[in-house]
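In: Sequence and predicted structure are below.
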Protein chains: 2
Amino acid sequence: MERNTQQRQAILNAFDKAERPLSIQEILELAQDDCPGLGIATIYRNIKALVGDNKLISVEMPGGVAYYETPGHKHHHHFSCTNCQKVFDVEKCGLNIKTLVPDGFTLERHEILLYGTCGSCSR
Amino acid sequence: MERNTQQRQAILNAFDKAERPLSIQEILELAQDDCPGLGIATIYRNIKALVGDNKLISVEMPGGVAYYETPGHKHHHHFSCTNCQKVFDVEKCGLNIKTLVPDGFTLERHEILLYGTCGSCSR
DNA sequence: ATAGGTGCAAACAGTTTGCATGTAT
DNA sequence: ATACATGCAAACTGTTTGCACCTAT
């Protein structure tokens, strides 16, 4: 992943436009606005390379759908709208997760998933 | 889902034996001990029916793999071992999740996923 | 006896890969 | 010029479905 192709630009631009975690399908649709004809295989290849380079982070949400977001945010979690299926960042954390870990287990990381309806869908 | 078939017995028995959330593949392997020749389609059909009847609950874990567990536990969360891939219940919760929800969003439920190594793999 | 369940194989959906062509350097 | 990236189509993997046969009731 070294060249600066139109396709790769369009993919990164999708994240700038959206400002929230995106699924593969969402990335495809947004990036095709900039780059018609962009193929799904190119999305998968670029996303995999970008995740490998730590230029994107994957957020695996239930339902078997992976979302991706740009790194550099501070520690945060995710809210999944059960109506529109969009995923949003939740900036706060501050919970004492360590109290949950069973004896003998070693905690590496944690994820908190919130489900409900987002601002637009709650109205 | 009304009949009490050998296959269905073997599937439910797998959960009794395991006492932890199981993936489709884990269910298949355990249930085939009791019922050789059991087909994967039967697992999917039974699991879907049992979840529909609230006789099983699905726990969607990252990586696109769904786990299933018996209901009736109190509110709890899950620990996923990054070494052996097994999923364990975490009985405690008691965190104040509501403080995380953004303004205008409506929270329906939450899931906390812990990742690390389990008791056996930490040794 | 018969409605519902099973196993197999085919169908599907999402993801990955091989290959000839295109393009950024 | 050339090595890397793309688009297409084929291959794969996990899940679902159609259908003839089987079995619990």
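Out: Perfect, I can see it now. Residues are numbered from 1 along each chain as shown, chains lettered A, B, ... in the order given.
In: how big is the angle separating the helix or strand bottoming out on mean pLDDT in chain A from strand B:57-61?
Out: Ranked by mean pLDDT, DSSP states H and E, the helix or strand of chain A with the weakest confidence is strand A:57-61, at a mean of 87. Between the axis of strand A:57-61 and that of strand B:57-61 there is an angle of 170 degrees, by axes from the mean of the first three to the mean of the last three Cα atoms, to 10 degrees.
In: Next, report how far strand A:57-61 is displaced from the centre of its chain.
Out: Computed by Cα atoms, centre = their mean, to the nearest Å, the chain-centroid distance of strand A:57-61 equals 5 Å.
In: can you tell me which strand in chain A is longest?
Out: Under DSSP state E, the strand in chain A containing the largest number of residues is strand A:106-117.
In: Around DNA strand D, pick out the residues from chain A.
Out: Taking Cβ under 7 Å from any atom of the strand as the criterion, chain A approaches DNA strand D at residues A:1-3, A:5, A:7-8, A:35, A:37-39, A:41-42, A:45-46, A:49. Where you see a C-beta, it was placed from the backbone N, CA and C, and this is true even at glycine.
In: quick one: which of those residues sit in helices?
Out: Among the residues of chain A next to DNA strand D, DSSP state H puts A:7, A:8, A:41, A:42, A:45, A:46, A:49 in helices.
In: Any quick ChimeraX command for the buried ones out of the residues you listed?
Out: Burial among those is assessed by 16 or more other Cβ atoms under 10 Å in any protein chain shown; the matching ChimeraX selection reads:
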select /A:7,8,42,46
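In: nearest to residue A:26, of the ones in helices among the residues of chain A next to DNA strand D?
Out: For those, the closest approach to residue A:26 (Cβ to Cβ) belongs to residue A:46, at 14.3 Å.
In: my read: that closest one touches residue A:8, true?
Out: Yes - under the criterion of Cβ atoms under 8 Å, residue A:46 lies in contact with residue A:8, with a separation of 5.6 Å.
In: Most widely separated two among the residues of chain A next to DNA strand D?
Out: When Cβ to Cβ is used, the two most widely separated members of the residues of chain A next to DNA strand D are A:2 and A:37, lying 22.4 Å apart.
In: which of the two has more neighbours?
Out: Neighbours per residue, other Cβ atoms under 10 Å in any protein chain shown: of residue A:2 and residue A:37, the larger number sits with residue A:37, 7 against 4.
In: Contacts only, for the closest residue to residue A:84 other than its chain neighbours.
Out: On the basis of Cβ to Cβ, 6 or more residues apart in numbering or on different chains, the spatially nearest residue to residue A:84 that is not a chain neighbour turns out to be residue A:121, at 5.4 Å. Taking Cβ atoms under 8 Å, 6 or more residues apart in numbering or on different chains as the contact definition, residue A:121 lies against A:81, A:83, A:84.
In: What distance do you get for the last one to DNA strand C?
Out: Residue A:84 sits 16 Å away from DNA strand C, going by Cβ to the nearest atom of the strand, to the nearest Å.
In: could I get stretch A:2-21 in CSV with only the CA atoms?
Out: Output in CSV follows, covering the C-alpha atoms of stretch A:2-21 (Å, rounded to 0.1, in the frame of the first residue of the first chain):
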residue,chain,number,x,y,z
GLU,A,2,2.3,2.7,-1.2
ARG,A,3,0.7,4.4,-4.1
ASN,A,4,-1.7,7.2,-3.9
THR,A,5,-4.4,6.1,-6.2
GLN,A,6,-7.7,7.8,-7.0
GLN,A,7,-9.5,4.8,-5.4
ARG,A,8,-7.5,5.1,-2.2
GLN,A,9,-8.2,8.8,-2.0
ALA,A,10,-11.9,8.2,-2.5
ILE,A,11,-11.9,5.7,0.3
LEU,A,12,-10.1,7.9,2.8
ASN,A,13,-12.3,10.8,1.7
ALA,A,14,-15.4,8.8,2.6
PHE,A,15,-14.2,8.7,6.2
ASP,A,16,-13.6,12.4,6.2
LYS,A,17,-17.1,13.0,4.9
ALA,A,18,-18.9,10.6,7.3
GLU,A,19,-17.1,11.3,10.6
ARG,A,20,-18.4,8.0,12.0
PRO,A,21,-17.5,4.3,11.7
